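Novice: no sequence on hand, only this structure:
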């Protein structure tokens, strides 16, 4: 009999699906609602040490192939998010991942220490946001030395809590970047964040649709890029991977697993399909496993790599 149970860096998930950061991740109640809808784990919105307003609206604009956003890391700060994570614990037993960011390596360490106070199951370091480059400089995930320094700082301050590093495709090589993270203490790689930046123009008023002019691109349009990134990360490291980026269907999730993901992030699909998307994807994955007599999603992890080697 098939089970969707998944083990991610020692943390047990009842489904391989993970709510990606940035989607319904600000309050305990919204996180619990997603968990009850079938997510194996939920990720908070990325937060820093202090509250941040982010960019003014319009900052999130859907288009036929996905979503363009320049939210700009808006968040209520560590104090508020610690309270929400603690409140979530009373509502759900599904693991919670605290997503953190900083303007400097030191801030990454500081906010990780604060997040640890809430005792999340995992801590995810967001080194890859493309929306604030003009303010913070290039993403930490775009440079090997910077990414290594952030990984060390987060790992040092996380204590016994496993650490994921969320990477961007906007780097010299995401496989090599994942290896750098592994060498500096990461327990998990999340691949990938939104890509871009991208732009859309409202032709009726002849101006960009986003207040920030450009923003991160997510949704179905980026799925092939995200899948290739997961494949490349798996080829360079044995760390577990949360494969995310454009996943909307059970077939998408299966492809992520076959490319090397241990768990699968779902984000923008919630905008288009509602929270039922988790149940729908779970059902499709479970049916696929049952049809083939496979006991769990672990049977699929990286299987396409083996098939590719056998064909050469």
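Specialist: Alright, I've got the coordinates. Only a predicted model underlies this, so the values are computations on that prediction, with no experimental measurement involved.

Novice: spell out which helix or strand contains residue 82, please.
Specialist: Counting by DSSP states H and E, the element that carries residue 82 is helix 78-89.

Novice: quick one: list the elements packing against that helix.
Specialist: Helices and strands touching helix 78-89, as assessed by 3 or more CB pairs under 8 Å, 6 or more residues apart in numbering; DSSP states H and E, comprise helix 28-36, strand 96-100, helix 105-116. The way it works is simple: take the backbone N, C-alpha and C, and place the C-beta from them, glycine included.

Novice: redo these as CSV? Include distance to residue 269.
Specialist: Output for the helices and strands packed on helix 78-89, formatted as CSV (distance: least, CB to CB, whole Å):
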stretch, distance to residue 269
helix 28-36, 12
strand 96-100, 18
helix 105-116, 26
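
Novice: just name the most buried of those.
Specialist: strand 96-100 (a mean of 30; mean count of other CB atoms under 10 Å).

Novice: ok, back up a step: list of residues touching the helix holding residue 82?
Specialist: Taking contacts as CB atoms under 8 Å, 6 or more residues apart in numbering, the residues outside helix 78-89 that touch it are 26-28, 31-32, 42, 44-45, 47-51, 75, 96, 98, 111, 114-115, 117-120.

Novice: and the nearest residue to residue 297 once chain neighbours are set aside, how many neighbours?
Specialist: By the measure of CB to CB, 6 or more residues apart in numbering, the closest residue to residue 297 outside its immediate chain neighbours is residue 16, 4.7 Å from it. As a burial measure, residue 16 scores 31 neighbours (other CB atoms under 10 Å).

Novice: wait, doesn't residue 16 sit right on residue 40?
Specialist: Yes. Counting by CB atoms under 8 Å, residue 40 is a contact partner of residue 16 at 5.9 Å.

Novice: anything in contact with each of those two?
Specialist: 4, 6, 263.

Novice: can you tell me how far the last one sits from residue 87?
Specialist: To residue 87, residue 263 is 24 Å away according to CB to CB, to the nearest Å.

Novice: where exactly do the strands run in the stretch 51-200 of the chain?
Specialist: Using DSSP state E, counting those that start in this stretch, the strands of the stretch 51-200 of the chain run over 60-63, 66-69, 96-100, 122-126, 163-167, 188-191, 195-198.

Novice: which among these is found nearest to residue 243?
Specialist: strand 188-191 (6.3 Å; CB to CB).

Novice: walk me through which strands that closest one pairs with, and which way each runs.
Specialist: With DSSP bridges as the test, strand 188-191 is paired with strand 163-167 (parallel), strand 241-244 (parallel).

Novice: quick one: mean pLDDT for the shortest one?
Specialist: What it means is strand 241-244. Mean per-residue pLDDT for strand 241-244: 98.

Novice: which other residues reach that strand?
Specialist: 8, 18, 20, 164, 188-192, 226-227, 230, 233-234, 256-257, 259-267.

Novice: show me those that map onto strands.
Specialist: 8, 18, 164, 188, 189, 190, 191, 263, 264, 265, 266 (DSSP state E).

Novice: just send the helices and strands packed on helix 78-89 back as CSV, with mean pLDDT and distance to residue 12 too.
Specialist: What follows is the helices and strands packed on helix 78-89, written out as CSV (pLDDT from 0 to 100; distance: least, CB to CB, whole Å):
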stretch, mean pLDDT, distance to residue 12
helix 28-36, 98, 14
strand 96-100, 98, 13
helix 105-116, 96, 20
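
Novice: and residue 305, which of those is closest to it?
Specialist: Across these, residue 305 has its closest neighbour in strand 96-100 (25.9 Å, CB to CB).

Novice: helices and strands of this protein: which one has the lowest mean pLDDT?
Specialist: Within the chain, no helix or strand scores below helix 133-136, which has a mean of 51 by mean pLDDT, DSSP states H and E.

Novice: excluding chain neighbours, what is closest to residue 54?
Specialist: residue 74 (2.7 Å).

Novice: separation between that neighbour and residue 151?
Specialist: Taking CB to CB, one finds residue 74 at 25 Å from residue 151.

Novice: give me the more crowded residue out of those two.
Specialist: Higher neighbour count among residue 74 and residue 151: residue 151, with 25 against 18, using other CB under 10 Å.
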